[in-house]
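Asks: Dropping a prediction and its sequence here:
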Amino acid sequence: MGFLSRKKPKPAPVEIQEEHPIVDELQEMEDAVPLRDVGGGPAGPVSDAGLSLAGESSASSPPAGEAAEEGPSEFVVEEGPSEVVEEAPALNAEEESPEAEGDGRMKAIDLIAPTRLDFLAEKEATEQAPVKAAEVIAFANQKGGVAKTTTTLNLAVAFAESGYRVLCIDLDPQGNLTMSQGIDPDKVEKSLYDVLVNDMPISEIIVKREIDIAVASIDLAGAEIAMSTKIGRERSLEKALKEVAGDYDFVCIDTPPSLGLLTINALTAANKVIVPVQCEYLSMRGLVQLQNTLRMIQENLNPDVKIEGILPTMLDSRTIHAKEAIEILEENFGDLVFQSRIKKAIKFAEAPVKGASVLKYDSDSSAANYYRDLAKEVLSHGSP
Ligand SMILES: Nc1ncnc2c1ncn2[C@@H]1O[C@H](COP(=O)(O)OP(=O)(O)OP(=O)(O)O)[C@@H](O)[C@H]1O
Ligand SMILES: [Mg+2]
């Protein structure tokens, strides 16, 4: 009735007459509200002793007063006494419900939504249940063309082959990972740009292919600038991943060849970092810079992130230079260098053209097995 009183300015109060029709109506409504069945038997009609929804209304009078203020004719025309009376049997039918238990009169919530509280209890229980978080691996090296994308995709597919649930994140505006799964980044409507800049739920941009993939589009190139004024800009991806953390065992993030805000987002969201390194002297020099960035992330944003391993890629084991490059890596990084080696193979260039991983493109090839071996090595370090 409150909304009725907002319809027009309050007229002067009108004294309620005993024979006024609203009094009979209210009495009928009171009679219609069942008592709680204290003794287990059917609920009875309203008694004076029973504190009630209707009893409170009539005792404290404001609804009757408001109705009187509005004028009885308006109330009767809008609500209609017959409507109110028709509802009464429906309420009485609720009396026989086993839910009508407890002390005193039934509350409004029992009548309107008797199962509401059960639902809330269930929801609370679900929310409190621990969600197993995915292992988040970032593939990073600010040097271009060292097989970050190739490693992200093929290792992810090797995990999936072993029965793990895997999500790949294409955080590179070049969209190479997206393309490697046969999706054209130029035709993508919703992408990680919307997730990072506009807080779109990441589930809305996940596309199912060999693995699930959160896709990139060309406008991701503008994300770093668009995010630059955002509070918590380094944590946008970490925040977005919480939505799906329980749905996957591994989240594999491909990063661009830079140490900008997109890569920082990846390193902040990650538990582990895999650093693909081309087995050439010049490729290894950038590792010091990457280590410094990672230290900064550990100190300021993500103390738990650590290097899972340094992965020698595009290895041509016939050359002395490649052998020497691996020796230098192992001298400087010791156990951090994976035992697995990714040798050069033309299949790695061919597979993306077909929109497939090497494991799908040529499942029995040694190229596919390089990444199966790497998956075993990563899992041996501790599976999720
Ligand atoms: N083991 C390999 N043998 C031969 N070619 C490879 C191998 N791994 C990757 N490639 C090829 O090298 C090129 C660069 O690989 P990829 O795109 O994975 O590198 P990237 O580090 O992601 O590059 P960017 O820094 O531009 O993102 C690709 O054409 C890829 O097919
Ligand atoms: Mg790449």
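Replies: Perfect, I can see it now. Ligands and ions are numbered 1, 2, ... in the order given.
Asks: Contacts only, for residue 239.
Replies: Residues in contact with residue 239, defined by C-beta atoms under 8 Å, 6 or more residues apart in numbering, are residue 232. Just so you know, the C-beta spots here come from the backbone N, C-alpha and C atoms, and that holds for glycine as well.
Asks: Against residue 213, how distant is the residue of the stretch 101-250 of the chain at minimum distance from ligand 2?
Replies: Evaluated by C-beta to the ion, the stretch 101-250 of the chain has residue 149 as its residue closest to ligand 2, separated by 3.3 Å. Using C-beta to C-beta, to the nearest Å, residue 149 is found at 12 Å from residue 213.
Asks: Need the residues touching each of these two.
Replies: With C-beta under 8 Å, 6+ apart as the test, residue 149 and residue 213 both reach residue 177.
Asks: so what's the residue of the stretch 101-250 of the chain closest to ligand 2 up against?
Replies: With C-beta under 8 Å, 6+ apart, residue 149 has these contacts: 139, 172, 176, 177, 180, 254.
Asks: mind giving me a markdown table with those and columns for neighbour count, pLDDT and distance to ligand 1?
Replies: A markdown table is the format used below for the contacts of residue 149 (neighbours: other C-beta atoms under 10 Å; pLDDT from 0 to 100; distance: C-beta to the nearest ligand atom, whole Å):
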| residue | neighbour count | pLDDT | distance to ligand 1 |
| --- | --- | --- | --- |
| 139 | 32 | 98 | 8 |
| 172 | 27 | 98 | 5 |
| 176 | 19 | 98 | 5 |
| 177 | 29 | 98 | 8 |
| 180 | 26 | 98 | 8 |
| 254 | 28 | 98 | 7 |
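Asks: Would you check which pair of these lies furthest apart?
Replies: For the contacts of residue 149, the farthest-apart pair by C-beta to C-beta is 139 and 180; their separation is 13.0 Å.
Asks: Does residue 138 belong to a helix, a strand or coil?
Replies: strand (DSSP: H, G, I helix; E, B strand; the rest coil).
Asks: So what's the residue count around it?
Replies: Look at residue 138: counted by other C-beta atoms under 10 Å, it has 29 neighbours.
Asks: May I ask which helix or strand encompasses residue 379?
Replies: Assigned by DSSP states H and E, residue 379 belongs to helix 366-380.
Asks: so where's the stretch 1-150 of the chain uncertain?
Replies: Confidence mapping of the stretch 1-150 of the chain against pLDDT under 70 gives the ranges 1-132.
Asks: residues from it in reach of ligand 2?
Replies: 148, 149 (C-beta under 5 Å from the ion).
Asks: Recalculate using a threshold of 8 Å.
Replies: 144, 145, 148, 149, 150 (C-beta under 8 Å from the ion).
Asks: Sort out for me which of those residues are in strands.
Replies: Among those, the subset assigned to strands under DSSP state E is empty.
Asks: circling back to that earlier point, what helices or strands is the helix holding residue 379 leaning on?
Replies: In terms of contacts (3 or more C-beta pairs under 8 Å, 6 or more residues apart in numbering; DSSP states H and E), helix 366-380 is packed against helix 148-161, strand 306-313, helix 347-353, helix 358-361.
Asks: do the shortest one and ligand 1 meet at all?
Replies: Think helix 358-361. No - taking C-beta under 6 Å from any ligand atom as the criterion, helix 358-361 and ligand 1 are apart, separated by no less than 8.9 Å.
Asks: Show me what that helix is packed against.
Replies: Looks like helix 358-361 contacts helix 148-161, helix 347-353, helix 366-380 (3+ C-beta pairs under 8 Å, 6+ apart).
Asks: Let's have those helices in a markdown table, adding distance to residue 184.
Replies: Below are these laid out as a markdown table (distance: least, C-beta to C-beta, whole Å):
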| stretch | distance to residue 184 |
| --- | --- |
| helix 148-161 | 16 |
| helix 347-353 | 13 |
| helix 366-380 | 25 |
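Asks: Can you say which of these is packed in most?
Replies: Highest mean neighbour count among those (mean count of other C-beta atoms under 10 Å): helix 148-161, with a mean of 26.
Asks: Identify the neighbouring strands of the helix or strand following that helix in the sheet and state each direction.
Replies: The helix or strand immediately downstream of helix 148-161 is strand 166-170, counting by DSSP H and E. Counting by DSSP bridges, the strands paired with strand 166-170 are strand 212-214 (parallel), strand 250-254 (parallel).
Asks: Excluding chain neighbours, give the residue nearest to the residue in the stretch 201-350 of the chain that ligand 2 sits nearest to in space.
Replies: Residue of the stretch 201-350 of the chain nearest ligand 2, by C-beta to the ion: residue 254 (5.8 Å). Using C-beta to C-beta, 6 or more residues apart in numbering and skipping residues adjacent in sequence, the residue nearest residue 254 is residue 152, 4.0 Å away.
Asks: between the helix holding residue 379 and helix 148-161, how big is the angle?
Replies: 70 degrees (axes from the mean of the first three to the mean of the last three C-alpha atoms, to 10 degrees).
Asks: Say whether ligand 2 is contacted by helix 366-380.
Replies: No - using C-beta under 8 Å from the ion, helix 366-380 never reaches ligand 2; the gap is at least 15.5 Å.
Asks: ok, residues contacting that helix?
Replies: Counting by C-beta under 8 Å, 6+ apart, 137, 151, 154-155, 157-159, 161-162, 274, 308-309, 311, 338-343, 345, 347-348, 358-359, 362 sit against helix 366-380.
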